[in-house]
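> The following comprises the amino acid sequence and a computationally predicted model.
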Amino acid sequence: MSGAEAAADPAPDRAQPFAPRTILALVLVGIVSFAGLAVLAAYAPELRGAADPGAHALSSSAIGFKGATVMLKAEGSPVLVSRTPPHGRPPGEGLTVITPPQVTDLKPFAQHPALLIVMPKWIVTGDPLHPGYVRKYGAGDDSSYATELLAPFAEKTELQLRKAVSRPVLRGTGVLFDAATYLPLGAVDRLQTLSGPGWAPMLADEQGAAVVARSKAHPNVVVLADPDLLNNQGLAQLDNARAGMAVLNVLRGTGAVTFDVTLNGFSRGRGLGRLMLEPPWLAATLCGVAAALLMGLHSLARFGPTLARGRAVALGKGALVDNSAGLVRMARREAELAPAYAALAKAMVGKVAGGGERSAAGRDNDAWLAELARRAGAADPAELSREAERAQTRDDLLAVGRKLYHWRTEITRERR
């Protein structure tokens with residue numbers, strides 16, 4: 001192909017980098033992703049907990065208490081995992097179970113009608129190879145934290161640990177559990193018991209050490225010294241599960257069992273995001289989202305021709321008249337145009353009514369126009385001229401202009 005032929009060929013059209021469907025798909029994916037992120041951010045505290053291997057009712061690890069909630073539900077007992085802090089107001093009837101860490105404040109729970117405190121025992125860390133599992137390093141030998149933790153309910157509290165794995169037997173002491181109560185346990189590693197002058201044993205082992213005790217100053221508060229009666233690794237043995245469920249059923253009576261997880265860091269707040277996504281404000285949020293979608297759809301299609309960009313300074317007689325009128329308006333001299341408008345109206349009447357060259361040239365005869373107005377039953381033009389000369393404001397100009405317009409149409413019969 002010669003150079004002349006190549007120059008004569010039209011240049012190929014450049015393809016668009018993105019197709020309209022691709023852009024629309026990207027926008028929709030972005031909107032859906034942002035909405036999902038907003039919902040997840042609002043409900044993030046409620047989604048946490050299942051993967052945390054700590055000692056709480058949401059954990060499925062060996063030291064967690066999720067198995068207790070599952071077992072109670074299987075028995076037909078009402079169970080609730082609470083993420084709401086107590087705020088000083090006691091709940092209704094039923095048992096509240098808390099699994100506090102070693103250092104925390106239990107005073108907000110003192111007014112609960114029935115409170116079971118499960119003491120911590122094991123020192124663990126998360127298993128990096130198995131998320132949700134723990135690695136056990138042993139039981140805590142230092143029990144000095146117990147006095148500080150249970151200070152709202154007793155002056156002094158001590159914890160004791162057995163040396164090895166044992167199969168203890170729990171017997172009732174007559175406090176809620178009668179003396180005939182006999183609960184043999186399965187294998188328990190380093191059984192933990194409780195003692196102190198402010199505690200009344202309820203279930204004691206064969207050595208007389210309290211495993212379950214009630215506060216003398218606060219009879220509504222009960223402490224379970226060894227968590228292996230309720231945690232997942234303890235419930236794996238049938239005897240331990242029977243003993244743990246017996247403790248919960250006796251303490252709850254006919255009410256529900258509430259496992260509080262706020263002390264473990266899973267409290268639920270009332271943020272703005274949750275407020276917008278829950279009734280009654282959910283309806284307003286949906287209306288706002290629908291309005292935004294409709295605005296977006298409306299912006300996708302052109303609803304009128306493209307407006308050509310005009311000149312910064314217009315040309316022609318019309319622009320000159322508009323500029324002159326703007327200057328007069330800015331100077332607030334509109335009223336001074338009233339006499340000129342009166343003269344123009346009389347000239348137009350004289351021209352239409354046959355006034356001849358005198359009216360067309362502006363040398364109209366007031367006497368002739370007055371006679372013409374008298375015959376037509378219209379106002380005297382001289383009076384209108386004097387009223388135009390007396391105009392001082394814009395309102396005066398408008399009033400005179402209306403009278404001159406009606407005067408002209410009455411004489412020339414333009415409205416017919």
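Now that the structure is in, tell me what you want to look at. Numbers count the residues shown, from 1 in each chain.
> neighbours around Leu404, how many?
The number of residues packed near Leu404 is 24, by other C-beta atoms under 10 Å. In this view, the C-beta of every residue, glycine as well, is placed from N, C-alpha and C.
> quick one, phi psi at it?
phi -70, psi -40 (degrees, to the nearest 10).
> Excluding covalently adjacent residues, which one is nearest to it?
Ala345 (4.3 Å; C-beta to C-beta, 6 or more residues apart in numbering).
> quick one: contacts for that neighbour?
Leu384, Leu404, Tyr405, Trp407, Arg408 (C-beta atoms under 8 Å, 6 or more residues apart in numbering).
> Give me the nearest residue to the residue nearest the centre of the chain, chain neighbours excluded.
Taking C-alpha atoms, centre = their mean, the centroid of the chain lies closest to Gly273, which sits 2.0 Å from it. Spatially, and ignoring its direct neighbours in sequence, Gly273 is nearest to Ala42 (3.1 Å; C-beta to C-beta, 6+ apart).
> I'd say that neighbour and Leu277 touch.
Yes. Using C-beta atoms under 8 Å, Ala42 is in contact with Leu277, at 5.7 Å.
> coming back round to it: A helix includes the residue nearest to Leu404, no?
Yes. Under DSSP: H, G, I helix; E, B strand; the rest coil, Ala345 sits within a helix.
> distance of it from Leu384?
8 Å (C-beta to C-beta, to the nearest Å).
> which residues are common contacts for those two?
Joint contacts of Ala345 and Leu384 (C-beta under 8 Å, 6+ apart) are Leu404, Trp407.
> Map the structural domains onto the sequence of the protein.
Following automatic domain parsing, the chain resolves into domains at 49-264, 317-412.
> Can I get those domains in JSON lines including mean pLDDT?
Listed next are the domains of the chain as JSON lines, based on pLDDT from 0 to 100:
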{"stretch": "domain 49-264", "mean pLDDT": "91"}
{"stretch": "domain 317-412", "mean pLDDT": "80"}
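> Return the most buried member of those domains.
Among the domains of the chain, ranked by average contacts under mean count of other C-beta atoms under 10 Å, first place goes to domain 49-264 (a mean of 18).
> one step back: the strand or helix carrying the residue nearest to the centre of the chain: what's the following helix or strand?
Gly273 is part of helix 272-276, with elements assigned from DSSP states H and E. As assigned by DSSP H and E, the chain's next helix or strand after helix 272-276 is helix 282-300.
> other SSEs contacting that next one?
Packing partners of helix 282-300 (3 or more C-beta pairs under 8 Å, 6 or more residues apart in numbering; DSSP states H and E): helix 20-42, helix 272-276.
> Surely the residue nearest to the centre of the chain touches Leu40?
No. Gly273 is beyond contact range of Leu40, at 9.8 Å (criterion: C-beta under 8 Å).
> May I have the secondary structure class of Gln70?
You called it Gln, but residue 70 is Val. helix.
> that older thread, most tightly packed of the helices and strands packed on helix 282-300?
helix 272-276 comes out most buried of those by mean count of other C-beta under 10 Å, with a mean of 14.
> any residues touching it, and which ones?
With C-beta under 8 Å, 6+ apart, helix 272-276 has contacts from Ala38, Val39, Ala41, Ala42, Tyr43, Trp281, Leu282, Ala284, Thr285.
> Go again with 6 Å.
Ala42, Trp281, Thr285 (C-beta atoms under 6 Å, 6 or more residues apart in numbering).
> mind checking how far the closest residue to Glu155 other than its chain neighbours is from Lys156?
Nearest non-adjacent residue to Glu155, counting by C-beta to C-beta, 6+ apart: Gly198, 5.5 Å away. As judged by C-beta to C-beta, Gly198 and Lys156 stand 7 Å apart.
> Over to Leu320?
From Leu320 to Lys156 the distance is 102 Å (C-beta to C-beta).
> what's the answer for Glu93, then?
31 Å.
> cool, and Leu194?
11 Å.
> Could you do Asn232 as well?
With C-beta to C-beta as the criterion, Asn232 and Lys156 are 31 Å apart.
> With Arg162 instead?
Distance from Arg162 to Lys156, counting by C-beta to C-beta: 21 Å.
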